[in-house]
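Asks: structure of the sequence below:
(one chain, ligands or ions: 2)
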Amino acid sequence: MASYVVAIDQGTSSTRCIIVNRKGEIVSVAQKEHAQIYPKPGWVEHDPTEIWRNTLEVIAKARIKLGLTTKDVVAVGITNQRETTVVWNKHTGKPYHNALVWQDVRTEDMIAEMAGDSGLDRFRAKTGLPLATYFSGLKIRWLLDNVPGLRQEAEQGNALFGNIDSFLIWNLTGGAKGGQHVTDVTNASRTQLMNLETLAWDEELLAAFNVPATMMPGIRPSSGLFGTITSEVMPGVPITGVLGDQQAALVGQTCFEPGQAKNTYGTGCFLLMNTGTQIRPSTCGLLTTVAYQFGNEAPRYALEGGVAISGALVQWLRDNLGLIKTSADVQTLAAEVPDNGGAYIVPAFSGLYAPYWRADARGVIVGLTRFVTKQHIARAVLEATAFQTYDLLAAMQKDAAVELVSLRVDGGMVVNDLLMQFQADVNNVPVVRPSVTETTAVGAAYAAGLAVGYWASIDDLSANWGIEATFKPAMAAEKRSKLLHQWAKAVQRSLDWAD
Ligand SMILES: Nc1ncnc2c1ncn2[C@@H]1O[C@H](COP(=O)(O)OP(=O)(O)O)[C@@H](O)[C@H]1O
Ligand SMILES: O=P(O)(O)OC[C@H](O)CO
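Replies: Residues are numbered from 1 along each chain as shown. Ligands and ions are numbered 1, 2, ... in the order given. You can find the predicted model right below:
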């Protein structure tokens, strides 16, 4: 049998195992959703043990579909929802608490105290990130301060911190019996505890967030050996690629040249532009982050704009309002009307992220009249994602001082042609959908395969990329500016809501 790379894509909504061949094609997939736990308004948790169980299950299923033995697998890559924080006991493997998901806003009250007189940008120079509920540092601190006995456990060296990548690697490589406690530079860059230049945990940051260094995983390049799997699901196979999911998508889209950008439409929506070896600070509310580091090469950096709620708004329409049965139904419903009927939704469920960074914002639906129907609401749901992306793109073009000639897209929502066309229209930039839209998993596979010589160089990867569809802007300028004007007003209405 031919040889393959296995990628595990642990996302916010589900866990997937995807098996990739040398052409970057997906030859087998298995996927499982996990529970979203909302203990209070604004709080979002996952059960790490459920995610671990699902990971084992999807690996087994994807392998069985293809009749794959471990001999056929050259390497494993892992990509994951970033920032989501797990702390577990190193002797038992048991988490001390559910994972605090990146969207969780329970640390909101800690921000003002941390910011002090320096403001939200207190740690931006070292980390590229503003103070926000989003990143792991405050989440770790919340756990240490609120889970009885945890701080003492951490100080005694019994408690380990990890994002989901670390938690999975540790379990796959032996768990309490010698599991590797490691992460990669891209994930570490989202904790707000790593220095972007040194690529090491920063003592001053650890002290400011009051996090003991003993909890922290070793930081490795994104492509290289992380450990060898001992779990019976794939014993003996090396894990040689790890990337946060948005950085993995950048790699999967083969955006290796400075100035190339992609937008991933999943639960949230994330626009990343490769800025090469340069750490480019943002003045427009974007993040500076590590894009990838392959082996001993210099790290590559990116500018990033992320919004918390995009596909999640479709799920909300489905699960909370019951207006659609499946996510795909949103397109059918929205296509029954020619426009939004004057309704706009700003899905600030977790506050607003880039470029606004307003933790006090909450979701609003504005422009309601008796004319507005569920069809208009469905349309407003899709348009909200496109408008939020427009805001990111505008900030990105200012920060990077480049004009994008096209936008490469991927993620679960890009099957939606109505959304893709509307995106091209409001951005006034062509939207390019590649033949493989599971770029997150493919990116992790690429990092893993490069490390073991399955692909010789990034040129091999770029040769695998191809276009499936291009959506060209077709909206009159006047209509476009009217829509964007109304959107900007709607955003203002969402601000200053949470006290
Ligand atoms: N046809 C569709 N139209 C709009 N949204 C969709 C469609 N299909 C899936 N989605 C949304 O895409 C998201 C899943 O995308 P995915 O990339 O799998 O997310 P994640 O990696 O965050 O788990 C879900 O929020 C879902 O509601
Ligand atoms: O699970 P996704 O694809 O929505 O991605 C989540 C991001 O990594 C959060 O930063």
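Asks: show me what from the stretch 201-350 of the chain comes close to ligand 2.
Replies: Residues of the stretch 201-350 of the chain lying near ligand 2 by C-beta under 6 Å from any ligand atom: 244-246, 266-268, 306. Using the backbone N, CA and C atoms, a C-beta is placed for each residue, glycine as well.
Asks: go again with 8 Å.
Replies: Where the stretch 201-350 of the chain comes near ligand 2, counting by C-beta under 8 Å from any ligand atom, the residues are 244-246, 264, 266-270, 306, 311-312.
Asks: in those residues, which residue is surrounded by the most others?
Replies: Within those, neighbour counts (other C-beta atoms under 10 Å) peak at Gly244, which reaches 33 neighbours.
Asks: how close does Trp483 get to ligand 1?
Replies: If you look again at residue 483, you'll see it is Leu, not Trp. 19 Å (C-beta to the nearest ligand atom, to the nearest Å).
Asks: let me fix that: Thr127
Replies: Using C-beta to the nearest ligand atom, we find Thr127 at a distance of 24 Å from ligand 1.
Asks: before we move on, what about Asp360?
Replies: According to C-beta to the nearest ligand atom, Asp360 and ligand 1 sit 25 Å apart.
Asks: need the nearest residue in space to the closest residue to ligand 1 within the stretch 51-200 of the chain, chain neighbours excluded.
Replies: In the stretch 51-200 of the chain, the residue that lies nearest ligand 1 is Gln81 (6.8 Å; C-beta to the nearest ligand atom). Setting aside the residues directly before and after it, Gln81 is nearest to Thr12 in space (C-beta to C-beta, 6 or more residues apart in numbering), at 4.6 Å.
Asks: what about the one you found, how many neighbours?
Replies: By other C-beta under 10 Å, 23 other residues sit near Thr12.
Asks: could you check the pLDDT of it?
Replies: At Thr12, the model reports a pLDDT of 92.
Asks: I figured it hits Gln103, correct?
Replies: Yes. In this structure, Thr12 is within contact of Gln103 by C-beta atoms under 8 Å, at 7.5 Å.
Asks: return every residue with contacts to both of the two.
Replies: 267-268, 312 (C-beta atoms under 8 Å, 6 or more residues apart in numbering).
Asks: could you dump the residues of the stretch 201-350 of the chain next to ligand 2 into TSV and include distance to ligand 1 and secondary structure?
Replies: Listed next are those as TSV, based on distance: C-beta to the nearest ligand atom, whole Å; DSSP: H, G, I helix; E, B strand; the rest coil:
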residue	distance to ligand 1	secondary structure
Gly244	12	strand
Asp245	6	helix
Gln246	10	helix
Thr264	7	strand
Gly266	3	coil
Thr267	3	coil
Gly268	7	coil
Cys269	9	strand
Phe270	10	strand
Gly306	12	strand
Gly311	2	helix
Ala312	5	helix
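Asks: run the chain-centre distance for the helix or strand bottoming out on mean pLDDT in the chain.
Replies: Of all the helices and strands that make up the chain, helix 108-115 has the lowest average by mean pLDDT, DSSP states H and E, namely a mean of 91. On the basis of C-alpha atoms, centre = their mean, to the nearest Å, helix 108-115 sits 24 Å off its chain's mean C-alpha point.
Asks: next structured bit after that helix?
Replies: Downstream of helix 108-115, the next assigned helix or strand under DSSP states H and E is helix 124-127.
Asks: and the residue of the stretch 1-150 of the chain nearest ligand 1?
Replies: Relative to ligand 1, the nearest point of the stretch 1-150 of the chain is Gly11 (2.8 Å; C-beta to the nearest ligand atom).
Asks: correct me, but that residue touches Gly266?
Replies: Yes. In this structure, Gly11 is within contact of Gly266 by C-beta under 8 Å, at 6.1 Å.
Asks: intersection of neighbour lists for those two?
Replies: In terms of C-beta under 8 Å, 6+ apart, Gly11 and Gly266 are both contacted by the residues 245, 440.
Asks: show me where the stretch 201-350 of the chain has helices.
Replies: 203-209, 245-252, 311-319, 329-334 (DSSP state H, counting those that start in this stretch).
Asks: of those helices, flag the one that's most buried.
Replies: Most buried of those by mean neighbour count (mean count of other C-beta atoms under 10 Å) is helix 245-252; its value is a mean of 32.
Asks: tell me the mean pLDDT over that one?
Replies: For helix 245-252, the mean per-residue pLDDT is 96.
Asks: and stretch 296-308, by the same measure?
Replies: 93.
Asks: can you offset everything so residue one is 7?
Replies: Let's use 7 as the start, then, which means that last one is stretch 302-314.
Asks: would you mind listing the buried residues in it?
Replies: By 16 or more other C-beta atoms under 10 Å, the buried positions in stretch 302-314 come out as 305-314.
Asks: now do stretch 57-68
Replies: Neighbour count says stretch 57-68 has 57-58, 60-62, 64-65, 68 buried, by 16+ other C-beta under 10 Å.
Asks: do that stretch and ligand 2 meet at all?
Replies: No. Using C-beta under 8 Å from any ligand atom, stretch 57-68 stays clear of ligand 2, coming no nearer than 11.8 Å.
Asks: so that stretch, near ligand 1 or not?
Replies: No. Stretch 57-68 stays clear of ligand 1 (C-beta under 8 Å from any ligand atom), getting no nearer than 11.7 Å.
Asks: need the nearest residue in space to Ile14, chain neighbours excluded.
Replies: On the basis of C-beta to C-beta, 6+ apart, the spatially nearest residue to Ile14 that is not a chain neighbour turns out to be Ile84, at 4.9 Å.
Asks: parallel or antiparallel, list what pairs with the strand or helix carrying that neighbour.
Replies: Assigned by DSSP H and E, Ile84 belongs to strand 79-86. Strand pairing for strand 79-86, determined by DSSP bridges: strand 10-16 (parallel), strand 244-250 (parallel).
Asks: please enumerate the helices of the stretch 357-505 of the chain.
Replies: Going by DSSP H, counting those that start in this stretch, the stretch 357-505 of the chain shows helices at 380-406, 423-433, 445-457, 464-470, 483-500.
Asks: now do the SS call for the residue nearest to Gln87.
Replies: coil (DSSP: H, G, I helix; E, B strand; the rest coil).
Asks: please apply the same query to Asp171.
Replies: Classification of Asp171 using three-state DSSP returns helix.
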